[in-house]
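Chemist: I would like the atomic coordinates for the input below:
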Amino acid sequence: AHDRADGAVVVQALRAVPSSPSAYIMSFTPAFPYQWVLDPRTGACLEEGYLLDTPCEQPAVSPHMHGAPARFAYAHALSSAGGPVTQYACPREMPRIDRVIKIDLERRVIAGEYAMPPKRILVSEPTFVPKVGAPDPAEGGREDAG
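Modeler: The predicted structure is shown next:
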């Protein structure tokens with residue numbers, strides 16, 4: 001989140017709309033990059049909308065950009081989701097996360113991506129690594145162990 005010059009607060013996060021109270025536990029609910037613009041004086045939401053139509057998980061921005069307008073965010077992207085998951089009773093559906101994408105928050109497009117090799121998936125929490133010597137502190141890469 002960051003403050004605009006006019007006093008409004010811009011909040012960017014993932015938004016998921018579950019179909020039932022158990023959707024996060026028993027079935028997969030996709031989440032998408034979303035933006036709200038809030039007026040703290042009135043408590044009103046001035047604007048809201050999706051930033052991208054690609055389902056994502058575990059977004060990150062450069063730690064240098066916390067509280068400031070970031071140009072880019074990075075996230076895990078899904079190629080599919082489904083089930084049934086046969087090894088466990090819960091959840092019954094799982095996403096297949098096999099890409100890291102760079103989201104241009106101003107243009108609302110995917111600015112770059114890294115796809116895992118065939119039959120490989122991402123399984124860990126991501127870490128943002130700032131790119132040494134980059135002119136923009138929001139530039140960097142994602143390191144995913146696992």
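Chemist: which residues sit in contact with the residue most central in space within the chain?
Modeler: The structure's the chain has its C-alpha centroid closest to residue 59; by Cα atoms, centre = their mean the separation is 3.4 Å. Residue 59 makes contact with 13, 14, 33, 73, 74, 75, 103, according to Cβ atoms under 8 Å, 6 or more residues apart in numbering. Heads up, the C-betas are built off the backbone N, CA and C, glycines and all.
Chemist: quick one, what contacts residue 17?
Modeler: Residue 17 sits next to residue 29 when contact means Cβ under 8 Å, 6+ apart.
Chemist: so how far is residue 105 from residue 39?
Modeler: For residue 39, the distance to residue 105 equals 20 Å [Cβ to Cβ, to the nearest Å].
Chemist: Look at those two and report which has more neighbours.
Modeler: Using other Cβ atoms under 10 Å, the more surrounded residue of residue 39 and residue 105 is residue 105, with 20 against 13.
Chemist: can I assume the more buried one is in contact with residue 70?
Modeler: Yes - counting by Cβ atoms under 8 Å, residue 105 does reach residue 70; the two are 6.3 Å apart.
Chemist: Quickly list what's touching both of those two.
Modeler: When contacts are counted by Cβ under 8 Å, 6+ apart, residue 105 and residue 70 have residue 12 as shared neighbours.
Chemist: what about the chain, any weak spots by pLDDT?
Modeler: 23-27, 82-93, 136-146 (pLDDT under 70).
Chemist: what ranges do the helices span in it?
Modeler: 23-26 (DSSP state H).
Chemist: which stretches of this structure form strands?
Modeler: Counting by DSSP state E, one finds strands in the chain at the ranges 2-3, 9-16, 31-39, 44-50, 56-60, 72-82, 94-104, 109-115, 127-130, 140-143.
Chemist: Including distance to residue 66, could these go into JSON lines?
Modeler: Output for the strands of the chain, formatted as JSON lines (distance: least, Cβ to Cβ, whole Å):
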{"stretch": "strand 2-3", "distance to residue 66": "9"}
{"stretch": "strand 9-16", "distance to residue 66": "12"}
{"stretch": "strand 31-39", "distance to residue 66": "16"}
{"stretch": "strand 44-50", "distance to residue 66": "21"}
{"stretch": "strand 56-60", "distance to residue 66": "11"}
{"stretch": "strand 72-82", "distance to residue 66": "12"}
{"stretch": "strand 94-104", "distance to residue 66": "16"}
{"stretch": "strand 109-115", "distance to residue 66": "20"}
{"stretch": "strand 127-130", "distance to residue 66": "11"}
{"stretch": "strand 140-143", "distance to residue 66": "13"}
